[in-house]
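J.: Sharing a model prediction with you, sequence too.
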Amino acid sequence: MTAQNTSTGPSEDQRASLTSRVIPVMKLSEGANPLTRPLPTVPFTSARERAEARFQVLGNAVVTGGAGVLGLISAQALLEHGLSSLCIMDLPQTFETSTSQIESLASKFPDAIITKIPLDVTSTESIQSAFGQAKQLMGGIDVLCCFAGIPGCQPSLTVTPDQWNRVMDVNLNGSFFCAQAAAKVMEESGKGGSILLTASMSAHYTNFPQPQAAYNASKAGIAHLTRNLAAEWAIHGIRVNSISPGYMDTILNAGDGLADVRKVWDSRCPMGRMGDPEEITGAVVLLCSQRAGRYITGADIIVDGGTLTL
Ligand SMILES: NC(=O)c1ccc[n+]([C@@H]2O[C@H](COP(=O)([O-])OP(=O)(O)OC[C@H]3O[C@@H](n4cnc5c(N)ncnc54)[C@H](O)[C@@H]3O)[C@@H](O)[C@H]2O)c1
Ligand SMILES: OC[C@@H](O)C(O)[C@H](O)CO
């Protein structure tokens, strides 16, 4: 072994090559210096108007699974924050059972145009047709929220291929093809837009006591799909984010057989309770908002009362 080989530091050549790879420190122009750059102008006089302006969701939106619990309450939140046109997409049978809720929503926002469009997210023809109608009716799509989803609580030793595939088709594949259909409209418009996918706390966690590997795998797929689509579509001005709700107090988690299970869920949640459906809407509005959410893409907001902290 020579003395040169025992040296611990880089050789002259290595040092030269390392130095040439150092990324030069970016020089901040006067206007970009955070210490001297002026704060944004304040456009309105009242505190209420200023708060409203920050979280506005303007333009046209599509909400899939929009006749379901979380979809409908999110649609209302988007309308409250300035949306002018909304297409609620869902299965025809769900529209039948939610007629009064959708009528009540329409009566609260008489100046907004609200349309129901039938959609089966497992059919590419149905997606083409529904998003084609939405584009024609609203002249574009600024916001898409994907809430269509089904549970799947079969044990992994006995789950059948049909059961497994159904959960994947609705939750993961359905969300992707709806996102793709909306992104094409957003890209063509040259204006971009915002897409919100619904993952779940189950994307990051193994639920207890019920087994639900198919559901959890489908939702983990959504969380990672979100990051991939965000990276690919940023160039078109399309932001893609997801929310991960914990156990929300909805029909999906109700029923006589679930009373004991719900107690276990509560005991494993630091806040000690299930979420009220309304409690996801802050995250929905933030991510869809064109101003407050402007630099947020590829993010997943967990809304679970702290369950994932344990
Ligand atoms: N409720 C919860 O605790 C919870 C927690 C985490 C995530 N989520 C997710 O939130 C979303 C909404 O859940 P929810 O609690 O409002 O349930 P929900 O059953 O009230 O809503 C789901 C909606 O999806 C629609 N849907 C189902 N299959 C469809 C298909 N093939 N094509 C089109 N629409 C279809 C249903 O008709 C329904 O309106 C789901 O993706 C769910 O997995 C729910
Ligand atoms: O983890 C929260 C939910 O996704 C839940 O698992 C779902 O409600 C299953 O039915």
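T.: Perfect, I can see it now. Ligands and ions are numbered 1, 2, ... in the order given.
J.: What is the neighbour count of the residue of the stretch 201-310 of the chain found nearest ligand 2?
T.: Minimum separation of the stretch 201-310 of the chain from ligand 2 (Cβ to the nearest ligand atom) falls at residue 202, amounting to 3.7 Å. (C-beta placed from N, C-alpha, C; glycine too.) Neighbourhood size, residue 202 [other Cβ atoms under 10 Å]: 23.
J.: Equivalent analysis for residue 268, please.
T.: Counted with other Cβ under 10 Å, the neighbours of residue 268 add up to 18.
J.: And for residue 127?
T.: 21.
J.: let's have the chain start at 272 instead
T.: With the count now opening at 272, the last piece we talked about shows up as residue 398.
J.: Name the helix or strand for residue 284, please.
T.: Using DSSP states H and E, residue 284 sits within helix 283-292.
J.: ok, residues contacting the very next helix or strand once past that helix?
T.: Scanning forward in sequence from helix 283-292, with DSSP H and E defining helices and strands, the next element found is helix 318-325. When contacts are defined by Cβ atoms under 8 Å, 6 or more residues apart in numbering, helix 318-325 is touched by residues 313, 314, 315, 352, 353, 560, 562, 563.
J.: Is it correct that residue 469 is in contact with residue 441?
T.: No: the pair formed by residue 469 and residue 441 falls short of the contact definition of Cβ atoms under 8 Å, at 11.6 Å.
J.: What is the three-state secondary structure of residue 415?
T.: When classified by DSSP: H, G, I helix; E, B strand; the rest coil, residue 415 comes out as strand.
J.: Run through the residues that contact the closest residue in space to it that isn't next to it in sequence.
T.: For residue 415, the nearest residue in space outside its immediate sequence neighbours is residue 453; the separation is 3.9 Å by Cβ to Cβ, 6 or more residues apart in numbering. Contact partners of residue 453, counting by Cβ under 8 Å, 6+ apart, are 333, 402, 412, 415, 464, 466.
J.: Strands - which of the residues you listed land there?
T.: Among those, the ones falling in strands (DSSP state E) are 333, 415, 464, 466.
J.: roughly how far apart are the last one and residue 391?
T.: The span separating residue 466 from residue 391 equals 20 Å under the rule Cβ to Cβ, to the nearest Å.
J.: More neighbours: the two, which one.
T.: Between residue 466 and residue 391, counted using other Cβ under 10 Å, residue 466 has the larger neighbour count: 29 against 19.
J.: what sits opposite the more buried one in the beta ladder?
T.: Residue 466 forms beta bridges with residue 415, residue 511, as assigned by DSSP bridges.
J.: Let me see the contact set for it.
T.: By Cβ under 8 Å, 6+ apart, the residues touching residue 466 are 414, 415, 416, 417, 450, 453, 454, 500, 509, 510, 511, 512.
J.: Could you check the pLDDT of it?
T.: The predicted local confidence for residue 466 comes out at a pLDDT of 99.
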